[in-house]
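**Student:** Sequence first, then the predicted structure, then my questions.
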Amino acid sequence: MSSNSRDTSNAHHARRLGLIAGWGRFPLVLAEALHAQGYQVFGLGIKDHADPSIESYCTEYRELGIARMGAAIRLFRRWDVRQATMAGKVHKARMFQPLAFWKHFPDLKTAQVFYRSFVTMSRDRRDDTLLSTVVRAFADEGIELAAATDFAPELLVNEGLLSGRPLSARQRKDVQFGWQLAKEMGRLDVGQSVAVKDQAVLAIEAIEGTDECIRRAGRLCPSGGFTLVKVAKPQQDMRFDVPTVGLGTLRALVEAGGRVLAIEAGKTIVIDQPEVVAFAERHQLTVVALRAEHIEQVKPWPAESAA
């Protein structure tokens with residue numbers, strides 16, 4: 001093959017991107033951003049998760065069951081997709097519902113790949129374990145899974161105070177306390193969010209997700225005024241399970257009586273940031289994005305809005 005032919009082939013594949021879409025607005029926002037950049041998007045929506053309107057931004061689109069990895073790989077290969085990305089939440093709790101195995105009956109590839117996690121139980125079912133297995137399975141078939149933020153880095157929040165008043169001394173202590181706990185929970189691959197008040201733990205996110213963690217904190221602390229800290233794992237792989245917040249997170253926090261949301265700058269995706277900031281301002285909610293290296297500072301964080 002001549003160098004010109006190789007260049008043409010590389011350019012062809014560089015503008016073709018697969019998108020595995022889960023639940024929430026993130027996949028839709030990403031698909032729109034990729035389409036605007038001129039990518040040919042080849043979408044695979046997870047059944048009962050993905051927003052079907054994603055299809056309008058895709059050259060090709062199919063909906064597949066959560067356990068149809070073999071079908072997903074075959075479609076990407078048919079579409080000549082060599083690079084793909086994942087976006088959106090997968091409701092892992094559904095694995096523990098009655099008759100879950102039959103509702104999400106796996107194809108042969110999925111059964112082979114996850115045999116040790118779901119049959120012999122010789123491997124655990126933590127998020128990092130399962131998602132790393134997915135990444136390797138696609139790589140073995142010549143399909144590289146890349147970080148969504150490589151294509152839309154503008155979705156990652158910058159450091160600063162996004163809304164509300166600067167943190168009080170008590171709130172700074174809660175943020176520092178919650179940050180340490182959330183990082184440890186992330187290191188153990190349990191969850192990314194911790195709700196605290198007066199340096200006491202109200203709720204820790206596990207399989208139920210952030211919004212349910214917030215609601216549980218609200219039930220346990222009816223007086224409100226608590227702080228939610230959501231951070232990346234110390235070993236965060238930016239290809240999957242990146243901390244993400246949007247209007248749904250803020251609505252849950254306001255309804256539960258929370259007053260502060262602290263997130264990790266540069267490693268957290270904020271969906272529809274202008275709308276998020278406007279909502280937080282209307283409800284007098286403080287939202288602050290911090291970097292790990294600054295978390296131990298005792299002075300108030302600056303009141304300027306994040307860029």
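**Tutor:** In hand now; what should we look at? In this text the structure is predicted, and so the values were computed from the model without any measurement.
**Student:** Am I right that residue 216 is in a strand?
**Tutor:** No. According to DSSP: H, G, I helix; E, B strand; the rest coil, residue 216 belongs to no strand; its state is helix.
**Student:** Residue 204 is in contact with that one, correct?
**Tutor:** No. Residue 216 is not in contact with residue 204 according to Cβ atoms under 8 Å; the separation is 9.3 Å. Placement of C-beta: from N, CA and C, glycine included.
**Student:** By residue count, which helix of the chain is the longest?
**Tutor:** Counting residues, the longest helix found in the chain (DSSP state H) is helix 169-187.
**Student:** What lies in contact with that one?
**Tutor:** 167, 191-199, 201, 204-205, 226-236, 259-260, 262, 286, 288, 290, 292, 295-296, 298, 300-301 (Cβ atoms under 8 Å, 6 or more residues apart in numbering).
**Student:** Could you look up the next helix or strand downstream of that helix?
**Tutor:** The C-terminal neighbour of helix 169-187 among helices and strands, as given by DSSP states H and E, is strand 193-197.
**Student:** Return the set of buried residues in that following strand.
**Tutor:** Neighbour-count burial for strand 193-197, counted by 16 or more other Cβ atoms under 10 Å, picks out 193, 194, 195, 196, 197.
**Student:** Tell me which strands it pairs with, and in which orientation.
**Tutor:** Strand 193-197 has its sheet partners listed here by DSSP bridges as strand 200-204 (antiparallel), strand 227-230 (antiparallel).
**Student:** Mind checking these for the one nearest to residue 136?
**Tutor:** strand 227-230 (27.6 Å; Cβ to Cβ).
**Student:** mind checking how far that closest one is from the chain centre?
**Tutor:** 16 Å (Cα atoms, centre = their mean, to the nearest Å).
**Student:** can you check stretch 29-47 too?
**Tutor:** 16 Å.
**Student:** mean confidence score for it?
**Tutor:** In this model, stretch 29-47 has a mean pLDDT of 96.
**Student:** Helices of the protein, start to end?
**Tutor:** Under DSSP H, the chain gives helices at 3-14, 26-36, 69-78, 100-103, 108-113, 115-118, 127-140, 169-187, 210-220, 247-256, 273-282.
**Student:** Those into TSV, with extra columns for distance to residue 46 and mean neighbour count?
**Tutor:** Shown next, in TSV, are those (distance: least, Cβ to Cβ, whole Å; neighbours: other Cβ atoms under 10 Å):
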stretch	distance to residue 46	mean neighbour count
helix 3-14	24	10
helix 26-36	9	21
helix 69-78	9	18
helix 100-103	13	11
helix 108-113	13	16
helix 115-118	18	15
helix 127-140	12	16
helix 169-187	24	19
helix 210-220	19	20
helix 247-256	18	20
helix 273-282	25	16
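**Student:** So which of these is nearest residue 42?
**Tutor:** helix 69-78 (6.8 Å).
**Student:** Quick one: work out the angle between the closest one and helix 127-140.
**Tutor:** Counting by axes from the mean of the first three to the mean of the last three Cα atoms, to 10 degrees, helix 69-78 lies at 40 degrees to helix 127-140.
**Student:** other SSEs contacting helix 69-78?
**Tutor:** strand 40-46, strand 60-64, helix 108-113, helix 127-140 (3 or more Cβ pairs under 8 Å, 6 or more residues apart in numbering; DSSP states H and E).
**Student:** Ok, which of those comes nearest residue 87?
**Tutor:** It is, among those and with distance given as Cβ to Cβ, strand 40-46, at 10.1 Å.
**Student:** among the helices of the chain, which is nearest residue 90?
**Tutor:** helix 127-140 (8.9 Å).
**Student:** for the record, mean pLDDT for the closest one?
**Tutor:** 87.
**Student:** Who are the packing partners of it?
**Tutor:** helix 69-78, strand 83-87, helix 108-113, helix 115-118, strand 144-146.
**Student:** so how far is the fourth one off the chain centroid?
**Tutor:** On the basis of Cα atoms, centre = their mean, helix 115-118 sits 24 Å off its chain's mean C-alpha point.
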